[in-house]
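Q: sequence unknown, structure follows:
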């Protein structure tokens, strides 16, 4: 791919007003191409659609019959039965119904696992982690879309997983609804998805059709929004209902509308009579591969190198250099969910309805035969000889009652012959049990999977039986997982093309909304995949693996301890997992707190005792006239009584004393030292002495 910008010359611009449609016209955003074609062209296209639908329907005729019988069996539909006598037993054993319900009950929580459905995957290097952060936003946003922005997605997923094991094939259509300005995802049954029976895949099939059913008011909305042309419909089947569902075809097919010899992909919507209402392109600039001077590249990459916005392609298409279209890929809107691939290699997968049809019919026949045999045995019946004279009418017997009859030809027992009725056959019962067990092996609906177990069965044995019984289901879940991934990629492409430039979303109980935009999806180095794990199809499997990780790697410095705990919390179904890691600070040890308080009390008591000693010594020094020594001792008394939370009760002595002086503070005699000690010479050194004091800490 060229790295330098591509230059082109616009001096030879020529505007073509007539002739075939151009690629720029066909790719005009929001255009209905049917408005650019005349009536004859539309009529020819509509007739092609109807003819091809009939061809594809004929190719899958036998499959349709099996499809309908499977639905009848699952829904317990009964047909009138008059053998071996009118109103004979007509019980339907719910074999297929139980199998489909059990499958749906196990598959649904695997696919829709809480509010964690989608995760982004980084492709290529990511040195600064920017791609990883964007991939996480994409995964959270798409999960929010599926659960909250696309109404009915989860409900229809539930229904899809119930239909899938019965019919074997269900489709999902994911598209952008321009009227609602939102993405949509709808279930399409196999009956309404018409494709040639021998088509290899949706991607390679030249055409496929969806049978649509709309109410008249919905059609009026499409016409008012300039999405459809107003077309007449055949109301022969309407009867007196003015609001009946009308049938339409939406066919994805190839047409060469620009007459360049290469057919493009379009979506043609028409009535079942072939009246075309809409034609839209099913391709884009990113799906066109061109040959520019021997170099193969996507058309959108070519525009990017030329510095042209893709939205401006229609305006500058005539100015671009000549290029040759090599390939046009069809944009996909349908996802095929398959159950078991068809052994004959056909397109439609098979389900339990195909596998159990004969077994189910045999079980029903055997069961009804035994019921009829029991009824015949209980009711009785037989022959009465012509010589027995019994009054006409019904005989009702009571306990211990005997009826009088007239017999002219020997004993009564010789004139009455009951029809032998052996009752239900044990052989038929054994045969029915054999067929039921065979069906359970096919559907993997063993007793241990339905919640039943034998007495005294250990947990290890039960887990081993479940693992073995779910081998078949694991393979089917992997197919569903793969199809779900394809659906997510379609939704990702729709977000890239139609998402608002900026959108805010809030998943779960997050405190702040997250901002995401179309630019987040416009990166080819990112992919999206389902969070579901097809290898873990039961809660017991998840718990067993989580406990194995906890037991094996707990405390291992080489293993992320937080991650294995997150996996364990997820396995047990914990909600709001991040809150489990918001650990509050540890509470103080009560014993340590008590010891600290005791030490503090002892220290205060000791300080108080020492302070009293200093205070007494200071008072004695003051009485002796040793003013400096008294001040020093008083200061020590103050310092030793400072508690950890503030100063003690003895005030400090800062600066020269006012009139009251030290003697007043210490309670000494009034009038100074002379008043208290006479006129003689003071003891020791005179006042104001700065030499060593005769009082120190040792003297106290």
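A: Cool, got the structure. Everything quoted here is computed from the prediction, not taken from an experiment.
Q: what segments of the stretch 51-200 of the chain are strands?
A: Taking DSSP state E, counting those that start in this stretch to define them, one finds strands in the stretch 51-200 of the chain at 118-122, 169-177, 182-189, 193-194.
Q: ok, and what's touching the third one?
A: Spelled out, that is strand 182-189. 145-146, 149-150, 153, 156, 159-160, 163, 167, 170-177, 210, 334, 487, 491, 494-495, 498 (CB atoms under 8 Å, 6 or more residues apart in numbering). No exception for glycine: its C-beta is placed from N, CA and C like everyone else's.
Q: mind listing the strands that strand pairs with, and their directions?
A: Strand 182-189 has the following strand partners under DSSP bridges: strand 169-177 (antiparallel).
Q: may I see the buried residues of the strand it pairs with?
A: By 16 or more other CB atoms under 10 Å, the buried positions in strand 169-177 come out as 169-176.
Q: ramachandran coordinates for residue 218?
A: phi -70, psi -40 (degrees, to the nearest 10).
Q: from residue 177, how far off is it?
A: Here residue 218 is placed at a distance of 12 Å from residue 177 (CB to CB, to the nearest Å).
Q: next: residue 213.
A: Look at residue 213 and residue 177: by CB to CB, they are 17 Å apart.
Q: centre of the chain versus the lengthiest helix in the chain, how much separation?
A: In the chain, with assignment by DSSP state H, the single longest helix is helix 590-623. Averaged C-alpha coordinates place helix 590-623 at 69 Å from its chain's average position (CA atoms, centre = their mean, to the nearest Å).
Q: which strands or helices does the helix or strand hosting residue 435 pack on?
A: Assigned by DSSP states H and E, residue 435 falls within helix 426-443. Where contact means 3 or more CB pairs under 8 Å, 6 or more residues apart in numbering; DSSP states H and E, helix 426-443 is packed against helix 95-111, helix 352-379.
Q: how about the longest helix of the chain: buried residues?
A: Buried-residue list, helix 590-623, by 16+ other CB under 10 Å: 607-608, 610-611, 614-615, 617-623.
Q: check stretch 282-293 too.
A: Residues 282-288, 290, 292 are the ones in stretch 282-293 that count as buried (16+ other CB under 10 Å).
Q: redo those as a markdown table? Include distance to residue 505.
A: Output for the buried residues of stretch 282-293, formatted as a markdown table (distance: CB to CB, whole Å):
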| residue | distance to residue 505 |
| --- | --- |
| 282 | 29 |
| 283 | 30 |
| 284 | 26 |
| 285 | 28 |
| 286 | 25 |
| 287 | 28 |
| 288 | 33 |
| 290 | 37 |
| 292 | 40 |
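Q: can these go into TSV with extra columns for pLDDT, distance to residue 70 and secondary structure?
A: Formatted as TSV, the buried residues of stretch 282-293 follow (pLDDT from 0 to 100; distance: CB to CB, whole Å; DSSP: H, G, I helix; E, B strand; the rest coil):
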residue	pLDDT	distance to residue 70	secondary structure
282	94	32	coil
283	93	36	coil
284	90	38	coil
285	90	43	helix
286	89	40	helix
287	91	37	helix
288	91	42	strand
290	90	47	strand
292	86	52	strand
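Q: need the winner for burial among the helices and strands packed on helix 426-443.
A: helix 95-111 (a mean of 20; mean count of other CB atoms under 10 Å).
Q: ranges for the strands of the stretch 401-550 of the chain?
A: 406-407, 416-418, 503-505, 514-516, 526-530.
Q: from residue 250, how far out is the closest residue to residue 216 other than its chain neighbours?
A: Nearest in space to residue 216, with sequence neighbours left out and distances taken as CB to CB, 6 or more residues apart in numbering, is residue 243 at 6.1 Å. In this view, residue 243 and residue 250 are 21 Å apart by CB to CB.
Q: more neighbours, the two?
A: Neighbour totals were compared for residue 243 and residue 250, and residue 250 leads with 18 against 8 (other CB atoms under 10 Å).
Q: where do the helices sit along the stretch 1-150 of the chain?
A: Per DSSP state H, counting those that start in this stretch, the stretch 1-150 of the chain carries helices over the ranges 23-26, 39-59, 61-74, 95-111, 130-144.
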